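> just the structure for this:
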Amino acid sequence: MLSVLIPAYNYNITQLVNELHKQLVASNIDFEIICLDDKSNQDIIDSNLSISVLSNTAYKLSDKNNGIAVNRQILVDTAIYDWIILIDADMELIDDSFISNYLQAINNGYEVIFGGISYKNSQPNSNNILRWKYGKQCEELNAKKRNKRPYKVTSAANLCIKKDVYKQFGLGDVGNSYGMDIFFGPQLKLHKVPVIHIDNSVYHLGLESSSKYLSKVEFAVSTLHNLYYEGKIKKHENSLLKTFLLMKKTGFNYVCSGLYKVFNSKIKTQLLSRNPKIKLLQLYKILYMCYYDLYTK
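Alright, predicted model coming up:
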């Protein structure tokens, strides 16, 4: 009935898989767990191989590093059951009802079920603070808030979905996790796929350094811009894109681009500090998109 799919890269997944396996066995359903390692370091592979002794569990190795979007697509194509759960390797289950919550939601008639992402309350070291603060303030939303705009927060890091629905969008072609998540929500909305958000959150543990995360933010902004102008995003609930299009319509994009050229270094310094301001990060995104649109596309 259920295929649990975990794309993995340089992350120890043994605790996550053991907990998932325990809950799946307790649920008394037909299941499989498939982990596809995207060419991790050998010591990580050696640690993760232990999950192969679990029933209905496979640990597979990719012959090259494909990136998480392609890795997810390969996993979905491999799955044997009609319903799949996608969960990233750097997640931790919060309680023992993760599987049962999804099984209950499947019976409600929806084909796409988002569980949500949470972050632990303990503050990480200053090197990872930007990613943690953004997650706490912008991603850690309960189901009631997410359901108000159901196609806005659509992360595949914790997702239960009908396999055929996932496969129809060709999400692996986008090529990156950030790009895929940006693309996913608009596609669901365009095709009027029923979506539900439930309170079935998991902890996101794998926090990048602030500098690496800021680079990923820039990549995500440029990806969003390119997907829109390639005609791949037609209906959406993306606040950044809506703001950018308004700036461009009014001509204020030239001002924003100029502000980026003058202040981007100072803004980055603040965002990489011990106390980054998330509102400033949101401002940085729109300034960067306006600059990217005029000078770097």
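> now do the helices in the protein.
Counting by DSSP state H, the chain has helices at residues 14-27, 42-48, 68-78, 98-106, 129-134, 143-148, 163-167, 177-190, 210-229, 239-250, 253-271, 278-291.
> dump those helices into CSV; add mean pLDDT, distance to Ser155 and mean neighbour count as well.
The way it works is simple: take the backbone N, C-alpha and C, and place the C-beta from them, glycine included. CSV is the format used below for the helices of the chain (pLDDT from 0 to 100; distance: least, CB to CB, whole Å; neighbours: other CB atoms under 10 Å):
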stretch, mean pLDDT, distance to Ser155, mean neighbour count
helix 14-27, 98, 17, 18
helix 42-48, 95, 23, 14
helix 68-78, 91, 12, 20
helix 98-106, 96, 15, 19
helix 129-134, 97, 13, 22
helix 143-148, 96, 10, 14
helix 163-167, 92, 14, 17
helix 177-190, 76, 5, 21
helix 210-229, 93, 12, 18
helix 239-250, 95, 16, 15
helix 253-271, 97, 22, 15
helix 278-291, 97, 17, 19
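> Ser100 contacts Gln23, doesn't it?
Yes: taking CB atoms under 8 Å as the definition, Ser100 is a contact partner of Gln23 at 7.2 Å.
> circling back to that earlier point, next, format the helices of the chain as a markdown table and append distance to Lys60.
Putting these into a markdown table (distance: least, CB to CB, whole Å) gives the following:
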| stretch | distance to Lys60 |
| --- | --- |
| helix 14-27 | 13 |
| helix 42-48 | 11 |
| helix 68-78 | 8 |
| helix 98-106 | 22 |
| helix 129-134 | 29 |
| helix 143-148 | 32 |
| helix 163-167 | 18 |
| helix 177-190 | 19 |
| helix 210-229 | 26 |
| helix 239-250 | 36 |
| helix 253-271 | 38 |
| helix 278-291 | 36 |
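> which of the ones you listed sits closest to Tyr203?
Proximity to Tyr203 (CB to CB) singles out helix 14-27 among the helices of the chain, at 10.3 Å.
> distance check, the closest residue to Trp83 other than its chain neighbours against Leu61.
Leaving aside its sequence neighbours, Trp83 sits nearest to Leu2 (CB to CB, 6 or more residues apart in numbering; 5.2 Å). The gap separating Leu2 from Leu61 is 23 Å, by CB to CB, to the nearest Å.
> who has more neighbours, these two?
Comparing Leu2 with Leu61 by other CB atoms under 10 Å, the one with more neighbours is Leu2, at 21 against 14.
> and the more buried one, how far from Leu86?
To Leu86, Leu2 is 12 Å away according to CB to CB.
> now Pro124
25 Å.
> spatially nearest residue to the spatially most central residue of the chain, not counting backbone neighbours?
By CA atoms, centre = their mean, the chain has its centre lying nearest to Ser155, at 3.9 Å. Closest residue to Ser155 apart from its sequence neighbours, by CB to CB, 6+ apart: Asp181 at 5.3 Å.
> what residues are up against the one you found?
Thr154, Ser155, Ala156 (CB atoms under 8 Å, 6 or more residues apart in numbering).
> OK, contacts around the second one?
So that's Ser155. Contacts for Ser155 (CB under 8 Å, 6+ apart) come out as Phe114, Ile117, Glu139, Asp181.
> and of those residues, the nearest to Val165?
Phe114 (12.8 Å).
> what is the neighbour count of the residue lying closest to Val202 once chain neighbours are set aside?
Nearest residue to Val202 in three dimensions, chain neighbours excluded: Met91, at 4.3 Å (CB to CB, 6+ apart). Neighbourhood size, Met91 [other CB under 10 Å]: 24.
> do the one 4 residues further on as well
Here the count is done by other CB under 10 Å, and Asp95 has 12 residues near it.
> partners of the nearest residue to Thr57 once chain neighbours are set aside in the sheet?
Once flanking residues are discounted, Thr57 sits nearest to Ile33: 4.4 Å by CB to CB, 6+ apart. For Ile33, the beta-bridge partners are Val4, Thr57 (DSSP bridges).
> relative to Tyr166, how far out is Ile33?
17 Å.
> just to revisit the earlier point, so what's the residue nearest to Trp83 up against?
Per CB under 8 Å, 6+ apart, neighbours of Leu2: Leu24, Ile29, Asp30, Phe31, Glu32, Tyr81, Trp83, Ile84, Ile85, Ile99, Tyr102, Leu103.
> try 10 Å this time
When contacts are counted by CB atoms under 10 Å, 6 or more residues apart in numbering, Leu2 touches 24, 27, 29-33, 79, 81-85, 99, 102-103, 106, 160.
> for Ile99, same thing?
Counted by CB under 10 Å, 6+ apart, Ile99 has contacts 2, 4, 19-27, 29, 31, 85, 93, 160, 200.
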